[in-house]
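# Starting from these lines, generate the structure:
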Amino acid sequence: MKAVILAAGFGTRLYPLTRNIPKALLRLGEKTLLDHLVTKLDRFPVLDEIIVVSNKRFYRDFMRWKKGVHYKTQISVIHDGVTNPAERLGAVRDLELALKPFRGTPERFLVFCGDNYFDFPIGYFLLPCLGHSRYTFLGLYDVREKALASQYGVVELDETGKITRFEEKPKVPAATTVSVGVYHMSPEARLRLHEYLDIEKKNPDRIGDFFAWLTGKEPVYGVVFEGSWFDIGSKDSYLEALRHVEELPAR
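Below you'll find the predicted structure:
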């Protein structure tokens, strides 16, 4: 199994913090945002490679980061050729780029949005993925407020954990459970990237749009996490996550 970390955004909403550094390399306490995630992933021998997708502008920053870290899991860094925000390909195209070398193989993939911080254990998500590898799973979190849920992809589940509805940023959310940018892709989901992008020509920008579309094509299941989760999309959310990390007891 391989993990893909989507980190090709330019973080324009966090300027000036991210004008000269990628969002994923912002520091949260003693680690970068990226290191918080990779440290969690590095604990699992089932993962044999972590692929970080960058844009071309910040590619050297990620390569310097790679040279300075020491993890058991192999780390690869690729870029999408984009040097400014106006030309960005979108997260779904970036995901397609990461998966392209493995076309026709039985390889399984976990996918993470590189601008998230969470403290729940990845193992809790991995268990159902390993036991039911033919299905797509989404990591979910209950934000408990509908006004807050309206900013994210809102998900409804049936009693089996199957997603019955996935709506991106609804004005009037039907639930408070949202997608947190953690995914396990079934082999069928990998094949459907081409259908989504090149046949139906859907929006390549938001990865949540792809998985919302996917729920209408095949069974997709949710795993609800407990703990703390922060979507680092603004300076306020970054500072909130920073305060949370600084308040954690030393390990």
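# contacts and neighbour counts: CA atoms only from here.
OK.
# which residues of this protein fall in helices?
Assigned by DSSP state H, the chain shows helices spanning 33-41, 59-68, 91-99, 122-131, 146-149, 187-194, 207-214, 235-247.
# looking at the ones you listed, which is closest to residue 115?
helix 33-41 (7.4 Å; C-alpha to C-alpha).
# now the helices of the chain in a markdown table, with mean pLDDT and distance to residue 157?
Formatted as a markdown table, the helices of the chain follow (pLDDT from 0 to 100; distance: least, C-alpha to C-alpha, whole Å):
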| stretch | mean pLDDT | distance to residue 157 |
| --- | --- | --- |
| helix 33-41 | 95 | 26 |
| helix 59-68 | 97 | 37 |
| helix 91-99 | 95 | 24 |
| helix 122-131 | 91 | 16 |
| helix 146-149 | 92 | 15 |
| helix 187-194 | 90 | 19 |
| helix 207-214 | 92 | 13 |
| helix 235-247 | 88 | 27 |
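# can you redo those as a markdown table with mean neighbour count and distance to residue 21?
Output for those, formatted as a markdown table (neighbours: other C-alpha atoms under 10 Å; distance: least, C-alpha to C-alpha, whole Å):
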| stretch | mean neighbour count | distance to residue 21 |
| --- | --- | --- |
| helix 33-41 | 19 | 12 |
| helix 59-68 | 14 | 7 |
| helix 91-99 | 20 | 19 |
| helix 122-131 | 16 | 27 |
| helix 146-149 | 18 | 28 |
| helix 187-194 | 18 | 30 |
| helix 207-214 | 20 | 22 |
| helix 235-247 | 15 | 14 |
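# now residue 183: how far from residue 11?
Going from residue 183 to residue 11 by C-alpha to C-alpha, to the nearest Å gives 21 Å.
# between these two, who's got more neighbours?
Per other C-alpha atoms under 10 Å, whichever of residue 183 and residue 11 has more neighbours is residue 183, with 26 against 21.
# give me the beta-bridge partners of the more buried one?
With DSSP bridges as the criterion, residue 183 is bridged to residue 111, residue 138.
# which residues touch it?
Neighbouring residues of residue 183 by C-alpha atoms under 8 Å, 6 or more residues apart in numbering: 110-112, 136-139.
# okay, now the domains of this protein?
1-116, 120-227 (automatic domain parsing).
# what's the closest of the ones you listed to residue 244?
domain 1-116 (9.1 Å).
# Endpoint to endpoint, the closest one covers what distance?
21 Å.
# Equivalent analysis for stretch 47-63, please.
21 Å.
# same thing with stretch 69-80?
23 Å.
# For it, buried residues please.
Across stretch 69-80, burial judged by 16 or more other C-alpha atoms under 10 Å covers 73, 75, 77-80.
# Then stretch 105-115?
In stretch 105-115, counting by 16+ other C-alpha under 10 Å, buried: 108-115.
# what does stretch 164-179 give?
Buried residues in stretch 164-179 (16+ other C-alpha under 10 Å): 165-170, 173-179.
# Can you name the residues in contact with that stretch?
With contact meaning C-alpha under 8 Å, 6+ apart, stretch 164-179 is reached by 138-158, 208-209, 212, 215.
# how many other residues sit next to residue 26?
17.
# What does the pLDDT read for it?
On the pLDDT scale, residue 26 is placed at 93.
# Ignoring the adjacent residues along the chain, who's closest to it?
Computed as C-alpha to C-alpha, 6 or more residues apart in numbering, the closest residue to residue 26 that is not its neighbour in sequence is residue 32, at 5.3 Å.
# Surely the one you found and residue 25 touch.
Yes. Contact criterion C-alpha atoms under 8 Å: residue 32 and residue 25 qualify, at 5.1 Å.
# These two: which is more packed in?
residue 25 (19 against 16).
# before we move on, back to that, show me just the buried residues among the contacts of stretch 164-179.
Buried among the contacts of stretch 164-179 (16+ other C-alpha under 10 Å): 138-143, 146, 149-150, 152-157, 208-209, 212, 215.
# any idea how far the residue nearest to residue 26 is from residue 23?
9 Å.
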